[in-house]
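In: give me a 3D structure for the following:
(chains A and B)
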Amino acid sequence: MRWGVESHAAWAPGIDTAAQWQQWAKSPEPLAAEGIPDARFLPAMLRRRCTPLSKILLKVAFTCCEEAEERARVRTVFASRHGSINESIALLECVSRGERISPAIFSHTVHNAQAGLFSIAAGNREASSSLAAGPESFACGLIEALGHLEREPGRPVLLVTGDVPLAPTFAALIDEPACSYGVGLLLRAEGGAPCRVEIVPGDALPTAPPWPAAAEFLRFWLSGEPSLLLPGLRHAWRFTRG
Amino acid sequence: MVFDAMASPCCLAALGIVNALGSGERAIWPRLLAGDQSGFCLRDDFVPGRQLLLAAVREPLPKVPEELARFASRNNALCLAALEQIAAAVAEAVLRFGPDRVAVVMGTSTSGVSDAEDAIRALRETQRLAPHFDYAQLEFGGIAEFTAAVVGARGPAYTLSTACSSGARALASARSLLGLGFCDAVVAGAADSLCGLTTGGFSALQALSSEVTNPFSRNRAGITLGEGAAVFLVTRDSGGVQLLGVGESSEAHHMSAPDPEGRGAETAMRRALADAALEPEALAYLNLHGTGTPLNDAMEGLAVARVLGSSVPGSSTKALLGHTLGAAGATEAGVCWMMLDQSRDGSLEIVPHCYDGARDPEIPTLHLARRGEHTPPCAAPRVMTNSFGFGGNNCTLVLGREAVA
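Out: Numbers count the residues shown, from 1 in each chain, chains lettered A, B, ... in the order given. The predicted structure is shown next:
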């Protein structure tokens, strides 16, 4: 099926503006691990509740969907491998010491914490999915977003993907580039710059780049290349422009 | 033409289910109908110094196969117990469509947190991680990858985690993947396991009831947590129990409390009815979210009264199964599925609403089902189930079945 990208936005430490991302796409390099975006666009009450990941994902969501009216009306998909797991790990460390759990922190450890914060910040009452699929989180987020478009093709869907490095407690257990990043794509069933996605069965998987899949998609999108093959766990994902 | 706007069948072809009332439809259904609350038990091993009433799964769970040891968590063992019940139907689908055309969408809110608790305790005591602990047990995507490996599915596999609406949302996404043509069958459902983090967290929020949850009573005093799993084989076949409607909304209100007017809940219900092209009076049963917290039941009562009035028989089965959090939406879709599956002439035996009978005058009068209630025979029974989650995430499903002549 065909769909369109109406707008995009991304954030990584030191790579913030559209011009900086254009430059990065021309000569991409691994993204930095540590950094937090300026979140002054959020009311102070909400900002205080934001973890680094929440600031990153809300930043790209607000940049990608600039108009307040549209922000209140889009359906959203938040795709993140780790989500709020670092906050859960911190609470588990409390539990292991026999300490009480902070109720305010607990209610922000749900995987849909960023979706909830976005809904409050944007006054958005629409459908919203939060998901995880290991290194395939971006591609699975995209097909989840297409599912929302399929249910109601007339209105756009905002796909937000991002992560921060896994807490040191468990970081040694996984093999992935440790970086802080967020990528937002505003998708439409019709309109926007057209693209397709297909699943390519088989065991011959392309090599993963040393940055996250969502950043690789953005590099492809900005580069003007005709297609992109991303590795999955059981198959590959092919994106084709046009 | 980009989209096929025609509603195509979405068959919930088989159900696997495990929870505090047992394992499988044959064990669980009669106990649900009887209003059996014997699944609750006191446990003191989750929150230090506090006895908690919980709906734990007490029977032995299957062992995660050696080659999948990195996924060996209690959460995945619960999932496996449910998957084993539909293994034959899923194997047939994998054979019929090919493994590349079978997808997985699972829901969870706890993932393998209980196993991570052990790992962190061991780390604190010995300065090393337990050799059997793997991040795949903890990360949210793990349960979908585990399920794909168990059933031999090679299509897309991902985990929805929107707190207490995760399980309902997994079924909604399964339908979309079929509609989009990314697959021809989906294994979809959810699992959640009791752990120190959620019991401690809800305890800190002062949301837990010291007695069995008492939904919609004026004496209600909170949630009773439970655990379990429910998984479905979802196909484009017609017949059987069908997923007919999905309604979703966000609250834009508060991270851990719903809008007291129930506007988000109302929107989700209205959208589910519109999606199923049904009028409210077409519904034969409503499975309430009914957590037994003061705020949820008050706002849900308002929303139900506005959308459905007071005649549709309803029950909160959390007073029988506990609140299984991320698994609740799939579990309660499973309750609806069993109700439809057990019917032959379209008459439904209604699972009773178990509480102390003390209606809350602050909540609009709803038809809370009594023991032994059933609906008249009907050609096409339709039922609804509500799931509302932390973060303000709502998902309502409509299921139905054509009566067998």
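In: now the host helix or strand of B:G301: how far from the chain's centre is it?
Out: Remark: B:G301 resides in helix B:294-308, with elements defined by DSSP states H and E. Chain-centre distance of helix B:294-308: 19 Å, with C-alpha atoms, centre = their mean, to the nearest Å.
In: quick one: contacts of the very next helix or strand once past it?
Out: Moving toward the C-terminus from helix B:294-308, the next helix or strand (DSSP H and E) is strand B:314-315. If you take C-beta atoms under 8 Å, 6 or more residues apart in numbering or on different chains as the criterion, strand B:314-315 is touched by B:285-288, B:290, B:304, B:350-354, B:366-369. All C-beta atoms are positioned from the backbone trio N, CA, C, and that covers glycine.
In: ok, the residues you listed vs A:A236, which is closest?
Out: Top of the list for closeness to A:A236, among the contacts of strand B:314-315 and by C-beta to C-beta, is B:N287 at 40.4 Å.
In: residues of the stretch 201-350 of chain B that sit close to chain A?
Out: B:201-206, B:246, B:248-256, B:263-264, B:267, B:275 (C-beta under 8 Å from any C-beta of the partner chain).
In: once you drop chain neighbours, what's closest to the closest residue to chain A within the stretch 101-250 of chain B?
Out: Per C-beta to the nearest C-beta, B:S176 is where the stretch 101-250 of chain B lies closest to chain A, at 2.8 Å. Excluding the flanking residues, the one nearest B:S176 by C-beta to C-beta, 6 or more residues apart in numbering or on different chains is A:G147, at 2.8 Å.
In: ok, that neighbour - contacts?
Out: So A:G147 contacts B:S173, B:S176, B:L177, B:G179, B:L180 (C-beta under 8 Å, 6+ apart).
In: and B:D115, that one's in a helix?
Out: Yes: under DSSP: H, G, I helix; E, B strand; the rest coil, B:D115 falls within a helix.
In: just give the nearest non-adjacent residue to it, would you?
Out: B:S73 (4.3 Å).
In: how about that neighbour, what does it touch?
Out: With the criterion set at C-beta under 8 Å, 6+ apart, B:S73 makes contact with B:V64, B:S111, B:G112, B:S114, B:D115, B:Q137, B:L138, B:G142, B:S193.
In: now it: how far from A:Q20?
Out: 41 Å (C-beta to C-beta, to the nearest Å).
In: could you give the mean pLDDT of the helix of greatest length in chain A?
Out: The single longest helix within chain A, with elements called by DSSP state H, is helix A:137-151. Helix A:137-151 shows an average pLDDT of 97 in the prediction.
In: next secondary structure after that helix?
Out: With DSSP H and E, the next secondary element past helix A:137-151 is strand A:157-163.
In: ranges for the strands of chain B?
Out: B:11-19, B:22-23, B:41-47, B:50-54, B:102-107, B:157-160, B:185-192, B:228-235, B:241-250, B:283-287, B:314-315, B:382-389, B:393-401 (DSSP state E).
In: okay, those in a markdown table with mean pLDDT and mean neighbour count next?
Out: Formatted as a markdown table, these follow (pLDDT from 0 to 100; neighbours: other C-beta atoms under 10 Å in any protein chain shown):
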| stretch | mean pLDDT | mean neighbour count |
| --- | --- | --- |
| strand B:11-19 | 98 | 26 |
| strand B:22-23 | 98 | 22 |
| strand B:41-47 | 91 | 14 |
| strand B:50-54 | 93 | 17 |
| strand B:102-107 | 98 | 32 |
| strand B:157-160 | 98 | 32 |
| strand B:185-192 | 98 | 34 |
| strand B:228-235 | 98 | 31 |
| strand B:241-250 | 98 | 26 |
| strand B:283-287 | 98 | 26 |
| strand B:314-315 | 98 | 28 |
| strand B:382-389 | 97 | 28 |
| strand B:393-401 | 97 | 29 |
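In: so which of those strands is nearest B:T126?
Out: That would be strand B:41-47 among those, by C-beta to C-beta, at 20.7 Å.
In: what domains does the record give for chain B?
Out: B:11-235, B:241-401 (automatic domain parsing).
In: for the first one, how far is the first residue from the last?
Out: Think domain B:11-235. 5 Å (C-alpha to C-alpha, to the nearest Å).
In: what are the ranges of the strands in chain A?
Out: A:2-11, A:75-79, A:128-132, A:157-163, A:181-188, A:193-201, A:227-231, A:235-241.
In: so what does the third one touch, helix or strand wise?
Out: Taking 3 or more C-beta pairs under 8 Å, 6 or more residues apart in numbering or on different chains; DSSP states H and E as contact, the helices and strands that strand A:128-132 lies on are strand A:75-79, helix A:113-122, helix A:137-151, strand B:157-160.
In: again with the longest one
Out: Judged by 3+ C-beta pairs under 8 Å, 6+ apart, the packing partners of strand A:2-11 are helix A:52-64, strand A:181-188, strand A:193-201, helix A:213-223.
In: and for residue 10, the neighbour number?
Out: I'll assume chain A. 30 (other C-beta atoms under 10 Å in any protein chain shown).
In: wait, chain B was what I had in mind.
Out: 26.
In: swap in B:P215?
Out: Counted with other C-beta under 10 Å, B:P215 comes out at 27.
In: need the pLDDT of it.
Out: pLDDT, B:P215: 98.
In: with the one 5 residues further on instead?
Out: Listed pLDDT for B:R220 reads 98.
In: now swap in B:F3 and tell me
Out: 40.
In: where does the prediction get shaky in the chain?
Out: Since you didn't name a chain, this refers to chain A. In the predicted model, chain A carries no residue with pLDDT under 70.
In: please refer instead to chain B.
Out: Across chain B (using pLDDT under 70), the flagged ranges come out as B:1-7, B:404-405.
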